[in-house]
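any chance you can model this:
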Amino acid sequence: MTSGPTGVNRLDVTAPDGLPEITASSDLASLIAACTALVDGDIVVVTSKVISKAEGRVRTGNREGALAEETQRVVARRGPTTIVRNRLGLTMAAAGIDASNVEAGSIVLLPLDPDASARALRSRLHELTGAEIGIVITDTAGRAWRDGQTDIAVGAAGVRVSEDYAGLVDTHGNDLVVTMPAVADEIAGAADLVRGKLSGRPVAVVRGRADLVLPLGDDGPGASSLIRPEAADLFGYGAREAVIRALAGREEDRSPFGAPSSLDELSAALSRVLGGQTAYSSHLSLMSHDGSDPTITLPAGTDERVTAAICFAHGWRVLAWAPEQSGVVARVQPTTP
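Numbers count the residues shown, from 1 in each chain. So this is what the prediction gives:
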């Protein structure tokens, strides 16, 4: 971030006028170059919608008609809203399919590969302007724990998309362990404040963070590197969907529940649920003999389907059930998502 004359950090964000309606026949890079005065260290921020229009990703129809092909899996449903993990790995309402700022009866799909789109735009803008710049492609997304939406980076090239402070020390001497600002998302949000949603300005230029711009020939990891892997997402399903998937117990639904838990965690979960059904929760035990599959000893009358669902949600599967004098024994095995 550049420092002003008084020593105050400064970030300049401008959103130029002058871009016409973009279509598949538009030379987007030339249009951007014509309405901006780019210099080394600038970051050009472009909406994914404009990229999609330039790449011919507009079609007639509605969101529902395109949802299946853009969806990797359903994350949550709540009334008419469907949140999905789309084919890019992004978790979004309606897979990021948009029906705004486009002719009635048409929809805009996200770019096929936003990082590749960013790389191509960066290269072309350098050819036209000679400037060493970065590119961030944005889209609007909601947040799991907050109302409202903000723009995030869905594509990037020539930009550090995050800053890793792990291993550093703050001014009070505290170790920073997991501090990693997603600066590409912060840039996306800043650009959206200036562009606006209804102003017809789909491009912004961020100046003042040249330290985030990578040298030519290094496009960086792209915005896709900010997406958590399936099994690492602690919220792979919405609350209702998680219950349904665990009870259904389909093998293809396992991955979002993550890697198998420890036996202690599984035991605690079983005790927590089954303890409400019986006074014999203390009889529940987990043990392993000679490296074989562990067994769970459960009170008589335990609901096998409930037990199987709890095991499923914790990355375990029930291999066999066997009655005993003290109750029922389930042989379990960890799974690999």
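
in a helix, residue 273, correct?
Yes. The assignment for residue 273 is a helix, going by DSSP: H, G, I helix; E, B strand; the rest coil.

could you find the closest non-adjacent residue to it?
Residue nearest to residue 273 in three dimensions, not counting chain neighbours: residue 310, with 6.0 Å by C-beta to C-beta, 6 or more residues apart in numbering. In short, each C-beta sits where N, CA and C put it, glycine included.

what strand or helix carries that neighbour?
Under the criterion of DSSP states H and E, residue 310 resides in helix 304-313.

residues making contact with that helix?
With contact meaning C-beta atoms under 8 Å, 6 or more residues apart in numbering, helix 304-313 is reached by 242, 246-247, 249, 254, 257, 266, 269-270, 273-274, 296, 298, 317-318, 321, 328, 330, 332.

output that helix as CSV, restricted to C-alpha atoms.
Only the C-alpha atoms of helix 304-313 are listed here, as CSV (Å, rounded to 0.1, in the frame of the first residue of the first chain):
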residue,chain,number,x,y,z
GLU,A,304,-29.0,-49.3,14.7
ARG,A,305,-29.9,-46.7,12.1
VAL,A,306,-29.2,-43.8,14.5
THR,A,307,-25.8,-45.4,15.4
ALA,A,308,-25.0,-45.9,11.7
ALA,A,309,-25.8,-42.3,10.9
ILE,A,310,-23.6,-41.0,13.7
CYS,A,311,-20.7,-43.2,12.5
PHE,A,312,-21.3,-42.0,9.0
ALA,A,313,-21.1,-38.3,10.0
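
just checking: what are the partner strands of the first helix or strand past it going along the chain?
Tracing the chain C-terminally past helix 304-313 and defining elements by DSSP H and E, one meets strand 316-324 next. The pairing partners recorded for strand 316-324 under DSSP bridges are strand 327-334 (antiparallel).

pLDDT (mean, whole number) over the strand it pairs with?
Averaged over strand 327-334, pLDDT sits at 82.

now that strand, how far from the centre of its chain.
Its chain's C-alpha centre and that of strand 327-334 lie 36 Å apart, by C-alpha atoms, centre = their mean, to the nearest Å.

next: stretch 230-242.
12 Å.

show me what counts as buried in the helix holding residue 310.
Under the neighbour-count criterion of 16 or more other C-beta atoms under 10 Å, helix 304-313 has 307-313 buried.
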